[in-house]
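Participant: Next come a sequence and a model predicted from it.
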Amino acid sequence: MLLDVLKDFEWLNEPEEVYFGDEGMKVKALAGTDFWVNNRAKFAKDTGHFFFKRVLKDFCLTAKWRFYRPEAFEQCGLMVRIDKNNWLKISLMQENMENPRIGTVCASGGCSDWSLHQILPVEEELSFKIRRVKGEYLLYYSTDGVHYVLLRRSALLYDMDEVKVGAYVCSPQKEGFEAVLETIDVA
């Protein structure tokens with residue numbers, strides 16, 4: 001059961017609306033929430049909803065998200081975080097479902113990059129995986145939860161032994177984006 005798996009998890013920016021049911025943990029993102037940083041431009045958003053566990057070693061983090069008609073860069077995915085200036089994420093990230101994309105972002109030393117990958121139209125669910133192997137992070141997505149596509153291999157400039165790993169959701173522009181975290185596992 002998902003509740004048993006989640007007992008060691010914590011929130012950063014806990015959302016106002018979180019519900020647990022048979023289908024998983026349903027989260028409603030607040031409007032204006034996001035993770036983005038560019039210290040050179042004096043711009044930072046560290047307001048997304050991040051549900052995480054602390055890990056000390058190499059790991060494999062997997063999760064399955066189900067979502068409802070995302071638009072305007074609404075996101076649900078996975079994140080590895082050291083602090084507000086050093087993190088990486090992979091998620092659903094597009095303007096509308098007619099143009100579905102997976103986004104990967106790495107923030108290192110206070111500056112985010114952004115890479116979008118076009119995917120075929122999907123039903124309303126995606127699986128994600130992040131692996132840490134000897135200081136490198138490998139970010140994957142899957143439309144069926146079985147066959148994963150590697151999108152990025154990256155390192156964090158200011159990596160630490162202990163990192164926070166977990167699922168995140170945010171809605172940079174509109175109110176009301178809902179997503180259901182059906183499964184999550186850290187091995």
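Facilitator: Nice, thanks for sending it over.
Participant: Ramachandran angles for residue 39?
Facilitator: Main-chain dihedrals, residue 39, degrees, to the nearest 10: phi -60, psi -30.
Participant: who's in contact with stretch 154-163?
Facilitator: Residues from elsewhere that reach stretch 154-163 (CB atoms under 8 Å, 6 or more residues apart in numbering): 54-56, 80-82, 85-88, 104, 106, 108-109, 132, 135-137, 139. C-beta here means a position set from N, CA and C on the backbone, and glycine is covered the same way.
Participant: now it: how far from the chain's centre is it?
Facilitator: 17 Å (CA atoms, centre = their mean, to the nearest Å).
Participant: Now do the end-to-end distance for it.
Facilitator: Terminal residues of stretch 154-163 are spaced 15 Å apart (CA to CA, to the nearest Å).
Participant: Likewise for stretch 9-25?
Facilitator: First-to-last distance for stretch 9-25 - CA to CA - comes to 13 Å.
Participant: Report the rounded mean pLDDT for that stretch.
Facilitator: For stretch 9-25, mean pLDDT rounds to 94.
Participant: quick one: low-confidence parts of the protein?
Facilitator: Along the chain, segments meeting pLDDT under 70 span 1, 3, 95-97.
Participant: Let me see the ranges of the helices in it.
Facilitator: Applying DSSP state H to the chain gives helices spanning 2-5.
Participant: For PyMOL, what selects the buried ones among the contacts of stretch 154-163?
Facilitator: Applying 16 or more other CB atoms under 10 Å to those leaves a buried subset, and the PyMOL line that selects it is:
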select buried, resi 55+80+81+82+85+86+87+88+104+106+108+132+137+139
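Participant: Which ones among the contacts of stretch 154-163 lie within strands?
Facilitator: 54-55, 80-82, 86-88, 104, 106, 132, 136-137, 139 (DSSP state E).
Participant: Can you tell me which of those lies closest to residue 116?
Facilitator: The closest of the ones in strands among the contacts of stretch 154-163 to residue 116 turns out to be residue 104 (CB to CB; 8.3 Å).
Participant: Which residue is the nearest non-sequential neighbour of that closest one?
Facilitator: Spatial nearest neighbour of residue 104, excluding adjacent residues (CB to CB, 6 or more residues apart in numbering): residue 152 at 4.5 Å.
Participant: and that neighbour, what does it touch?
Facilitator: Residues near residue 152 by CB under 8 Å, 6+ apart: 90, 104, 106, 115, 137, 138, 139.
Participant: Would you check that the first one makes contact with residue 139?
Facilitator: By that I understand residue 90. Yes. Taking contacts as CB atoms under 8 Å, residue 90 lies within contact range of residue 139: 4.3 Å.
Participant: residues shared between the contacts of these two?
Facilitator: In contact with both residue 90 and residue 139: 78, 104, 128, 130, 151, 152, using CB under 8 Å, 6+ apart.
Participant: Across the sheet, point out what pairs with the first one.
Facilitator: To tie it back to what came earlier, the one meant is residue 78. residue 90, residue 167 (DSSP bridges).
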